[in-house]
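A.B. asks: curious how this folds, go ahead:
(one chain, ligands or ions: 1)
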Amino acid sequence: MQGFKHKRVIITGAASGIGRATAEQFIQQGAQVGLIDLNEEELVEIKQAFGDAAHIEAVDVTDSDGLQSAVTKLASSLGGLDILHVNAGINGTFTPIEELTIDEWDQTINTNLRSTFLTVKAAVPIMKANGGSIVITSSVNGNRIFSNFGASAYSTSKAGQVAFAKMAALELSGYNIRVNVICPGAIATNIDDRTDVEPEVASIEIPVDYPERSRPLRQETGVPEQVANLVLFLSSEAAGNISGTEVYIDGAESLL
Ligand code: NAD
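C.D. replies: Got it, this is the predicted structure:
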């Protein structure tokens, strides 16, 4: 399939999980992609697998100058920018509010929310020439689910992304840039390996008993490829009238 032939795409958090699956699908559909991630080793491996279709920049999205320069360089290598997937994120530290350090709070907010603003800010001057699509990866947490105890920073960052997406959708509509935000439920990626759940969380937990079918649809955890399908749809001409919308992709998990 060549549905995105000649489209120029930038994805953050592209070395693993949802970002990587999205990069692979865009490449399979003929796009040229610019990939941003902290993990240089994984980026190089993707570049080796996909060759000229993939351009890479290893950068920390909390580094404002580095991120600005990475977006500018990638857009220049791609010859412009049509589609942006703002996806880099961490769970960070899960602990009671009184135990959460200011540095831990800042780390999660800066990685997930501040970087969303920075990535969009860097892309707008380039995208406004021709319009395009921005998709931001938020979460069910902070939007429909508030029972992941200790996740106050993560949930706040994910709620902020939804508000930011709606502000951006209206502001950028005049440039024909659509902005949507996706809210995945549990997706099988590497995100849990980098989550710091402190034992103190036990002291604030209110037991929440889910029914046996806590993943109502087919009792399955989602996979990154399903989320990638949604990003491609929202970035396609078929979604030409969809902007400022959050889309849940959680098998109805967050409705319980
Ligand atoms: P993942 O850990 O598999 O991939 C995240 C990628 O982001 C990694 O390659 C990592 O190196 C990169 N990254 C992290 N911090 C970075 C930084 N400071 N600078 C540059 N790159 C950085 O996780 P994933 O599940 O694919 O997560 C992608 C997005 O999906 C995140 O925003 C996450 O909050 C969101 N999300 C995930 C789930 C889930 O269950 N997996 C659910 C809801 C939302």
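A.B. asks: residue of the stretch 51-200 of the chain nearest the ligand, please.
C.D. replies: residue 89 (2.3 Å; C-beta to the nearest ligand atom). C-betas here are computed from N, CA, C, even on glycine.
A.B. asks: what sits closest to that residue if chain neighbours are left out?
C.D. replies: residue 112 (4.6 Å; C-beta to C-beta, 6 or more residues apart in numbering).
A.B. asks: tell me the secondary structure at that neighbour.
C.D. replies: Under DSSP: H, G, I helix; E, B strand; the rest coil, the three-state class of residue 112 is helix.
A.B. asks: tally of neighbours for it?
C.D. replies: A total of 29 residues lie near residue 112 under the criterion other C-beta atoms under 10 Å.
A.B. asks: contact residues of the stretch 1-150 of the chain facing the ligand?
C.D. replies: Proximity of the stretch 1-150 of the chain to the ligand, by C-beta under 6 Å from any ligand atom, involves residues 13, 15-19, 37-39, 60-62, 87-90, 111, 137, 139.
A.B. asks: any quick PyMOL command for the buried ones out of those residues?
C.D. replies: In PyMOL syntax, the buried subset of those is picked out as below (16 or more other C-beta atoms under 10 Å):
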select buried, resi 13+15+16+17+18+19+37+38+39+60+61+62+87+88+89+90+111+137+139
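A.B. asks: out of the residues of the stretch 1-150 of the chain next to the ligand, which are inside strands?
C.D. replies: 37, 137 (DSSP state E).
A.B. asks: and residue 175, what is it in contact with?
C.D. replies: 124, 127-128, 131 (C-beta atoms under 8 Å, 6 or more residues apart in numbering).
A.B. asks: correction: the previous question concerned residue 94.
C.D. replies: Per C-beta under 8 Å, 6+ apart, neighbours of residue 94: 148-151, 154, 195-198, 201.
A.B. asks: for it, list each beta-bridge partner.
C.D. replies: residue 197 (DSSP bridges).
A.B. asks: quick one: it from residue 242, how far?
C.D. replies: 33 Å (C-beta to C-beta, to the nearest Å).
A.B. asks: can you pull out the helices in this protein?
C.D. replies: 17-28, 40-50, 64-78, 102-109, 115-127, 152-172, 224-234 (DSSP state H).
A.B. asks: what about the stretch 1-150 of the chain, any weak spots by pLDDT?
C.D. replies: 1 (pLDDT under 70).
A.B. asks: returning to what we had before: just the helices of the chain: most buried one?
C.D. replies: Of those, the one with the most neighbours on average (mean count of other C-beta atoms under 10 Å) is helix 17-28, at a mean of 24.
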